[in-house]
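A.B. asks: Need coordinates for the below:
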Amino acid sequence: MKNLRNVFGGKGGGVNQYGMIIALVAIVIIFEFWTGGLTLTPQNVINVFTQYSYILILAIGMVMVIVAGHIDLSVGSVAAFVGISVAQSMAVWHLPWPLAIVLGLVIGALVGAWQGFWVAYVRVPAFIVTLAGQLIFRGGNQLIGNSTSLPVPGAYQFIGNGYLPDFGPNTGYSNPTLIIGLIVIVVLIIREIRARRKRVRMGAVLQPVWVSVVRVGVLIVVTLFATYEFASSSAGTSIPDVAIILGVLVLIYGFVTRSTVFGRHIYAVGGNSNAAVLSGVNSKRVNFLVMMNMSVLAAVAGMVYLGYSGASGPQDGTGWELDAIAAVFVGGAAIAGGVGTIVGSIIGGLVLAFLANGLALVGIDTNQVVIIRGLVLLVAVAFDVYSKSQGKPSITGFLTRNFRKKSGDDEGAPSGSDSVSEQPKSIEDQPQVLLP
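C.D. replies: The predicted structure is shown next:
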């Protein structure tokens, strides 16, 4: 059991993420049979990534906001406000699309600085600040666009509708997609080898070779399947440009949250703000940057959707904040803050995306799809809250309980443990935040 548990990520955190991966795989398999093989067709997989990419981008920023102990209700309105501003700059001011994109990022940063100031330095709750922002920037969208749609040039639309250009011999597949898939596989192998060498240098206990082989083998199989799906779609398509944007963001923010001082400070502030301050963390700076970053990513999501839809409309961004928040909580973030990962939020977003896509493919009415997604979110979070209040495993812990050791293991409880009793109750109980 110990080795099986190591395959799934070591001390707990990876295990919980695999619980949501199990749920995602189960949903995809169920709908693959239910739809008669339509769910996993290459074109449908590409459509899912393209149509839900902006929600996944928002989820990356939202998980950092929620981990820090806040919430952002304005992201949909900010995305719409940036979208109409970018469309206006190209259609009316005749800005080239690269400058229009820069303008959109600057607007997002300014909006985030505005909201971050109120949250971090005036100490107005983020719920109130972003609720006000939702109204302000929705009104700004309506005012600038005069409540009408504004199209964007075709050259700009590659952001939401474009694909990597093909090159090389005619193999029947997308050559750049095949190359990227090969690179990912090589990186996975090198990363595992370097991790084992690092453990040797540190004198840590080295896992059996078969554990690494199985873990990397599973990831390689998933990569090969994804590569085939993207490379074998209709002629002229490959990996969507927006998938490349999303992948780059996941890599960057995954590194920031896992391997930087700022990332550790976000978790410290969300876990126990008072203890973090006493340990030397500048909580005001952390809160300001987290809120500012969220609005920048909202701007990116708004510009991606603008390219996908080909025009900015008065209803753009409606309800996006709820979808992003749902993705984060389904992906395993804690309501009280301090717990959550970038990868987990992406997986949670894909769970909701494939659920909505599968229900649509089998002919379920759109209104019923919304109801079902709401019930899924409610049941998932309610199950977690109830289980933790009873000292039982969370839903992801329940799904993977056979791979976990019993409580009291000498390895200690992982961060974000399932039991409420394991959470610090006061500043004295809070672990010391280690600063460089």
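A.B. asks: For the rest of this, base every contact and every neighbour count on C-alpha atoms.
C.D. replies: Will do.
A.B. asks: ok, residue 276 touching residue 269?
C.D. replies: Yes. Look at residue 276 against residue 269 with Cα atoms under 8 Å: they come within range, at 5.6 Å.
A.B. asks: Residues that sit against both of these two, list them.
C.D. replies: residue 283 (Cα atoms under 8 Å, 6 or more residues apart in numbering).
A.B. asks: quick check: mean pLDDT across stretch 323-335?
C.D. replies: Here stretch 323-335 scores 86 as its mean pLDDT.
A.B. asks: who touches that stretch?
C.D. replies: Against stretch 323-335 from outside (Cα under 8 Å, 6+ apart): 16-17, 20, 55-56, 58-59, 62-63, 66-67, 69, 339-341, 344-350, 352, 377, 380-381, 396.
A.B. asks: filter those residues to the buried ones?
C.D. replies: Using 16 or more other Cα atoms under 10 Å as the burial test, those include 16-17, 20, 55-56, 58-59, 62-63, 66-67, 69, 339-341, 344-350, 352, 377, 380-381, 396 as buried.
A.B. asks: CA atoms only: put stretch 80-95 into CSV for me.
C.D. replies: In CSV, the C-alpha atoms belonging to stretch 80-95 read as follows (Å, rounded to 0.1, in the frame of the first residue of the first chain):
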residue,chain,number,x,y,z
ALA,A,80,-16.2,42.1,-20.5
PHE,A,81,-14.9,45.6,-19.8
VAL,A,82,-11.4,44.8,-21.1
GLY,A,83,-13.0,43.0,-24.1
ILE,A,84,-15.0,46.0,-25.2
SER,A,85,-12.1,48.3,-24.6
VAL,A,86,-9.8,46.2,-26.8
ALA,A,87,-12.5,45.9,-29.5
GLN,A,88,-13.1,49.7,-29.4
SER,A,89,-9.3,50.4,-29.6
MET,A,90,-9.1,48.3,-32.8
ALA,A,91,-12.4,49.3,-34.5
VAL,A,92,-12.5,53.0,-33.6
TRP,A,93,-9.0,54.0,-32.7
HIS,A,94,-7.4,51.7,-35.3
LEU,A,95,-4.8,50.4,-33.0
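A.B. asks: Report the mean per-residue pLDDT for that stretch.
C.D. replies: 92.
A.B. asks: residue ranges with poor pLDDT in the protein?
C.D. replies: Counting by pLDDT under 70, the chain shows low-confidence ranges at 1-19, 234-237, 380, 383-436.
A.B. asks: ok, now how distant is residue 283 from residue 111?
C.D. replies: Distance, residue 283 to residue 111, by Cα to Cα, to the nearest Å: 20 Å.
A.B. asks: When these two are compared, which one has more neighbours?
C.D. replies: The residue with more neighbours, out of residue 283 and residue 111, is residue 111; 24 against 21, by other Cα atoms under 10 Å.
A.B. asks: so what's the more buried one closest to, chain neighbours aside?
C.D. replies: residue 295 (6.4 Å; Cα to Cα, 6 or more residues apart in numbering).
A.B. asks: I'd like to know which elements the strand or helix carrying the one you found is packed against.
C.D. replies: Per DSSP states H and E: residue 295 is located in helix 283-309. Applying 3 or more Cα pairs under 8 Å, 6 or more residues apart in numbering; DSSP states H and E, we find helix 283-309 packed against helix 42-67, helix 75-91, helix 97-120, helix 158-161, helix 261-271, helix 273-278.
A.B. asks: Could you tell me which strands sit next to the next helix or strand after it in the sheet, and their orientation?
C.D. replies: Remark: after helix 283-309, the chain's next helix or strand is strand 311-312, criterion DSSP H and E. Strand pairing for strand 311-312, using DSSP bridges, gives strand 150-151 (antiparallel).
A.B. asks: Work out the gap between the partner strand and the centre of the chain.
C.D. replies: Distance of strand 150-151 from the chain centroid (Cα atoms, centre = their mean, to the nearest Å) equals 29 Å.
A.B. asks: Equivalent analysis for stretch 354-374, please.
C.D. replies: Its chain's average C-alpha position is 21 Å from that of stretch 354-374, according to Cα atoms, centre = their mean.
A.B. asks: Next, the buried residues of it.
C.D. replies: Going by 16+ other Cα under 10 Å, stretch 354-374 has these buried residues: 354, 355, 356, 357, 358, 359, 361, 369, 373, 374.
A.B. asks: ok, the first one touching residue 49?
C.D. replies: The one in question is residue 354. No. Under the criterion of Cα under 8 Å, residue 354 is not in contact with residue 49, lying 9.5 Å apart.
A.B. asks: Secondary structure of residue 335: a helix, I assume?
C.D. replies: No. Counting by DSSP: H, G, I helix; E, B strand; the rest coil, residue 335 is not part of a helix but coil.
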